[in-house]
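1. Sequence first, predicted model second:
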Amino acid sequence: MEHQHDKRVVIYTSYLNSKLTVKEGRRIPKDLATENPHPLEIYESCATLKLNAELEDKCYSRDYLQRGRVRVQIKDDAGNPINPDIPTRRSLLIEVAKLVPTTQARKKIGSQSADPVGLPKLPDKKDEPAPKAAAGSSKKSGKKKK
């Protein structure tokens, strides 16, 4: 049984986020990056570029609280670019970053805090009830002090 390697390019939101440093995961120049991109905006940008894209519910290892990534096919089976203007991973990131501010998702989302991908939100620590003590006898165990 032979494993087939997935040759699609993965784009995490951190790659395009202007608020992050290169050390934190940004992969393009800060002046080309956008502020807090959403996976849905990246997905729509790829569709505008006529590239096959798939939205996935995965987390970036450097920022595991950000959910969602996009897998994009930039080359066909023969290895030729699907879009001649986007032959490499870096050129894809730059072109997508240029299109993110103009997407319909960004206009709809605005400043909403809801996740546009429909991915489940991680619960806040404040909202969780305090854990209750385990049920058991109140009888003390062990030796008594004299």
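-> Happy to help now that I have it.

2. Show me the longest strand that occurs in the protein.
-> Counting by DSSP state E, the longest strand found in the chain is strand 63-73.

3. helices or strands up against the helix or strand just after that strand?
-> Going down the chain from strand 63-73, the next helix or strand is helix 89-99, by DSSP states H and E. Secondary-structure packing of helix 89-99 (3 or more C-beta pairs under 8 Å, 6 or more residues apart in numbering; DSSP states H and E): strand 9-12, helix 39-48. (Each C-beta comes from the backbone N, C-alpha and C, glycine too.)

4. Pull out the buried positions in the shortest one.
-> Residues 9, 11-12 are the ones in strand 9-12 that count as buried (16 or more other C-beta atoms under 10 Å).

5. And the pLDDT at Glu54?
-> If you check Glu54, the pLDDT there is 93.

6. what's it in contact with, if anything?
-> 8, 70-71 (C-beta atoms under 8 Å, 6 or more residues apart in numbering).

7. The host helix or strand of it pairs with which strands, parallel or anti?
-> Element membership for Glu54 (DSSP H and E) is strand 52-60. In the sheet, strand 52-60 lines up against strand 63-73 (antiparallel) (DSSP bridges).

8. residues in contact with the strand it pairs with?
-> Against strand 63-73 from outside (C-beta under 8 Å, 6+ apart): 6-14, 20, 24-25, 38-40, 42-43, 46, 51-60, 82, 92, 115, 117, 119, 122.

9. Which of these are buried, as a ChimeraX select command?
-> To isolate the buried ones among those in ChimeraX, judged by 16+ other C-beta under 10 Å, type:
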select :9,11,12,13,14,20,25,38,39,40,42,43,46,51,53,55,58,60,92,115,117
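
10. Looking at the residue nearest the centre of the chain now. What's its pLDDT?
-> The residue lying closest to the centre of the chain (C-alpha atoms, centre = their mean) is Gly68, at 3.4 Å. Gly68 is assigned 91 on the pLDDT scale.

11. likewise Met1?
-> 63.

12. Gly110 too?
-> So Gly110 comes in at 61 (pLDDT).

13. hmm, back to that, out of the buried residues of strand 9-12, who's nearest Leu99?
-> Taking C-beta to C-beta as the measure, Leu99 sits nearest to Ile11 out of these, at 12.1 Å.
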